[in-house]
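In: Give the three-dimensional model of this entry:
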Amino acid sequence: MRSSTTIRDVAAAAEVSISTVSRTMAHPELVASGTREHVLAIARDLRYRPALGASTDRARPGMLGLVVPDLENPFFGLIAKGVQARARSAGMLVVVSDIEEDGMLERTMLESIASGVDGLILCSPRGDDENILDVARRVPTVIANREVTGVPSVMFDEDRGMTSSLRHLQALGHRRIAYAGGPLQSWTHRRRAQAVHRFAEQESDVELIDLGSFQPYLSGGLGAADQALAAGVTAIVAFNDLLALGILDRLAQRGVRVPEDMSVTGIDNVSAATYVRPHLTTVDVPRVRMGRTAVDLLLSTMHDGAPAPSPILPAELIVRDSTAVAPVVVDR
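Out: Numbering: from 1, shown residues only. You can find the predicted model right below:
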């Protein structure tokens, strides 16, 4: 007769999460040796036997959860592509959840999927640090494109990316530059805005005009472009490429020539940056590599049972046609 002991009983006795017990039974190679032996010893003591065909069956491939803010944004789509490719090579499946830029939905989603996966990758999470730490205590978790103390993460060199754009504009003679920011709840927006403000503080010959926060889509560019024109700047640094493309469109509607009258830069290097005229000057961030690196970091954390070093990926300026020498401004 099969023991009536459940996986919950084993998890409670071993003082680990249910997902850790499940992972130990299904994929012991993914669990740190100390934790694995502890869980198996408790299971033996309690005479626990997983049911045939249950989720702990060794035949079941490992399952990773990937949570992203918005799959419509090509930035996140390529990170997801990298995650899936690397997970596939490791023999694991990926469940992708799109929270539609909604922090409350993200929290609900995490509660729903945390117990059903072997590991989690949170891409640019919108929730607060405590909520993320709570999830990370229950299931191995890695963050892509954000930093939370105590949770392994992989990030881009935001400072280098933003500074390279600003130095490029400075070298072209631009002295009054606007920054069009992203969503207020975005950690990336805050990081990029800080880099821009630091540059302006260090370079006395550059005046920074902070235009505020905008939705990171083409539609956000309408208001950003109008405000930039009203502020009398000669260059705009946008939070991301989609916002920059929206700015280009609005400037064209208003008869403003780019780059003769206004220079515009983005960041992300999405494929659409080369579809428009003029081609967009932007900062390339290796998004597929970020996805692959996040999976490697997660697998390392699952194997070793301890956070691995958090890598920082390069960000490189790509100069195209949307930036040029600053126009001569005649005082009246």
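
In: so who does Gly77 touch?
Out: Going by CB atoms under 8 Å, 6 or more residues apart in numbering, Gly77 touches Leu71. (C-beta placed from N, C-alpha, C; glycine too.)

In: do that again at 10 Å, thanks
Out: Neighbouring residues of Gly77 by CB atoms under 10 Å, 6 or more residues apart in numbering: 68, 70-71, 270, 287, 291.

In: distance of it from Met290?
Out: 12 Å (CB to CB, to the nearest Å).

In: in stretch 91-110, what counts as buried?
Out: Residues 92, 94, 96-99, 101, 105-107, 109-110 are the ones in stretch 91-110 that count as buried (16 or more other CB atoms under 10 Å).

In: Could you tell me the end-to-end distance of it?
Out: Terminal residues of stretch 91-110 are spaced 23 Å apart (CA to CA, to the nearest Å).

In: what's the overlap in contacts for Gly77 and Met290?
Out: Common neighbours of Gly77 and Met290 (CB under 10 Å, 6+ apart) do not exist.

In: Distance check, Arg160 against Ile177.
Out: Arg160 is 18 Å from Ile177, by CB to CB.

In: who has more neighbours, these two?
Out: Ile177 (27 against 16; other CB atoms under 10 Å).

In: So what does that one look like in phi/psi?
Out: phi -120, psi 140 (degrees, to the nearest 10).

In: wait, it sits on Arg167?
Out: No: the pair Ile177 / Arg167 is not scored as a contact, 11.1 Å apart, by CB atoms under 10 Å.

In: joint contacts of those two?
Out: Common neighbours of Ile177 and Arg167 (criterion: CB under 10 Å, 6+ apart): 199, 203, 206.

In: Quick one, which of the residues you listed are buried?
Out: Among the shared contacts of Ile177 and Arg167, the ones that count as buried (16+ other CB under 10 Å) are 199, 203, 206.

In: and the last one, what is it in contact with?
Out: This means Val206. If you count contacts by CB under 10 Å, 6+ apart, then Val206 has 166-167, 169-170, 174-177, 199-200, 235 around it.

In: one more time with 6 Å
Out: 170, 175, 200 (CB atoms under 6 Å, 6 or more residues apart in numbering).

In: how near is the second one to His168?
Out: In this view, Arg175 and His168 are 14 Å apart by CB to CB.

In: Of the contacts of Gly77 - the most surrounded one?
Out: When neighbours are taken as other CB under 10 Å, the top entry among the contacts of Gly77 is Gly291 (28 neighbours).

In: Tell me if that one really is in a helix.
Out: Yes: remark: Gly291 belongs to a helix, assigned using DSSP: H, G, I helix; E, B strand; the rest coil.

In: Test my guess that it contacts Gly82.
Out: Yes: in this structure, Gly291 is within contact of Gly82 by CB atoms under 6 Å, at 2.3 Å.

In: In stretch 72-90, which residues are buried?
Out: In stretch 72-90, the ones that count as buried by 16+ other CB under 10 Å are 73-76, 78-80, 82-84, 86-87.

In: Ala294 and Ser153 touch, don't they?
Out: No: Ala294 lies out of contact with Ser153 (CB under 6 Å); the separation is 8.5 Å.

In: In the protein, where is pLDDT below threshold?
Out: 1-4, 18-19, 27, 29-30, 49-61, 304-308, 329-332 (pLDDT under 70).

In: give me that answer again for 50
Out: Low-confidence segments of the chain, defined by pLDDT under 50: 1-2, 52-59, 332.

In: Can you show me the strands along it?
Out: Per DSSP state E, the chain carries strands over the ranges 62-68, 92-98, 119-123, 141-144, 153-156, 176-181, 207-213, 235-238, 263-265, 282-284, 312-313, 316-318.

In: residues contacting Ala43?
Out: Counted by CB under 6 Å, 6+ apart, Ala43 has contacts Val10.

In: between the contacts of Val206, which is closest to Thr20?
Out: Ala200 (47.6 Å; CB to CB).

In: beta partners for the closest residue to the closest one other than its chain neighbours?
Out: Excluding the flanking residues, the one nearest Ala200 by CB to CB, 6 or more residues apart in numbering is Leu208, at 3.6 Å. Assessed by DSSP bridges, Leu208 has beta-bridge partners Ile177.
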